[in-house]
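[1] coords below, sequence missing:
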């Protein structure tokens, strides 16, 4: 059985992403931090890791690009997960019984239009799934949680108001991490890498101009801690065949000071989450 490291608690959105990508016949290894996920994979305690890298509303998780660089792990795939927030309570509790709502601050913010119209106290917690577990274990009749369908299923809670998040088209992109083996899927159509340029005027533009017949779907700069005001550039490339990718990688390596490939893999699909919960 595959061991998959995730950030957060069982029932969180990382857990759902892992189930969707690998199936349910896996062993989940919850970690407190994203660095913990990378470390578990690097040490061989986990076979793979699932790490959020960007959200369609909040944007890139910059710190995770640095983790990806420092850990020297390989990106083996990706998955786009719709983030659906649900209000859940104990099975015999109704809306009029609720006095406070507990969840991660980001989840509370994502549902603020729904919550603002109710006289409930909002309580911030460490994790959405942890809030659901807290209510179930403590038998809290006057507290609701905002979390995933999976969390409601795992902890025996009733979803009293589904999909209360304000923006319905909210997706998080997750990267699948593994230890480096240099194997490339012959059906791969996407690559993630970073490059470094010199600090001369126009260096970035000259480097990017080398890309031909290939789609640049992501460009993200992030600072180099040891070199103030110098940056690495993360890019995602989408291509029709591996030969196109290899030709462009050769051009990029000639133009840039440094190039590192995180992984070459099959692109994930941006579609509604329909996997069994």
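    Received, thanks. Please read all numbers here as calculations on a predicted model, not as lab measurements.
[2] The helix or strand hosting residue 160: partners in the sheet, and parallel or antiparallel?
    Using DSSP states H and E, residue 160 falls within strand 158-161. Sheet pairing for strand 158-161, assigned by DSSP bridges, gives strand 86-89 (antiparallel).
[3] which other residues reach the helix or strand just after the strand it pairs with?
    Heading C-terminal from strand 86-89, the first helix or strand you meet, by DSSP H and E, is strand 100-103. Strand 100-103 is contacted by residues 85, 87, 108, 111, 115, 120-125, 128, 131, 134-135, 142-147 when judged by C-beta atoms under 8 Å, 6 or more residues apart in numbering. Where you see a C-beta, it was placed from the backbone N, CA and C, and this is true even at glycine.
[4] can we see that at 7 Å?
    Strand 100-103 is contacted by residues 115, 120-123, 125, 128, 131, 134, 142-147 when judged by C-beta atoms under 7 Å, 6 or more residues apart in numbering.
[5] circling back to that earlier point, any buried residues in the strand holding residue 160, and which?
    Going by neighbour count (16 or more other C-beta atoms under 10 Å), the buried part of strand 158-161 is 159, 160, 161.
[6] JSON lines for the residues you listed, including distance to residue 92 and pLDDT?
    Shown next, in JSON lines, are these (distance: C-beta to C-beta, whole Å; pLDDT from 0 to 100):
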{"residue": "159", "distance to residue 92": "14", "pLDDT": "98"}
{"residue": "160", "distance to residue 92": "11", "pLDDT": "98"}
{"residue": "161", "distance to residue 92": "16", "pLDDT": "98"}
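[7] what's the closest of those residues to residue 242?
    Among the buried residues of strand 158-161, residue 159 lies closest to residue 242 (C-beta to C-beta), at 44.3 Å.
[8] which of the contacts of strand 100-103 lies closest to residue 98?
    residue 144 (4.9 Å).
[9] Go ahead and confirm the closest one touches residue 89.
    Yes: in terms of C-beta atoms under 7 Å, residue 144 counts as a neighbour of residue 89; the distance is 4.8 Å.
[10] Now for those two: what residues contact both?
    Common contacts of residue 144 and residue 89, defined by C-beta under 7 Å, 6+ apart, comprise residue 98.
[11] Who has more neighbours out of those two?
    More crowded of residue 144 and residue 89, by other C-beta atoms under 10 Å: residue 144, with 29 against 26.
[12] quick one: the more buried one and residue 162, what's the gap?
    Taking C-beta to C-beta, to the nearest Å as the measure, residue 144 and residue 162 are separated by 13 Å.
[13] ok, now residue 217?
    With C-beta to C-beta as the criterion, residue 217 and residue 162 are 32 Å apart.
[14] And residue 266, by the same measure?
    Where residue 162 is concerned, residue 266 sits at a distance of 31 Å (C-beta to C-beta).
[15] And for residue 68?
    Distance from residue 68 to residue 162, counting by C-beta to C-beta: 34 Å.
[16] And for residue 94?
    Plainly put, residue 94 is 15 Å away from residue 162 if you go by C-beta to C-beta.
[17] the more surrounded of the two?
    residue 162 (12 against 9).
[18] Can you list the strands that the strand ranked longest in the chain pairs with?
    In terms of residue count, the longest strand belonging to the chain (DSSP state E) is strand 227-238. Under the criterion DSSP bridges, strand 227-238 sits next to strand 190-196 (antiparallel), strand 215-224 (antiparallel) in its sheet.
[19] Specify the next element, helix or strand, located C-terminal of that strand.
    helix 242-255.
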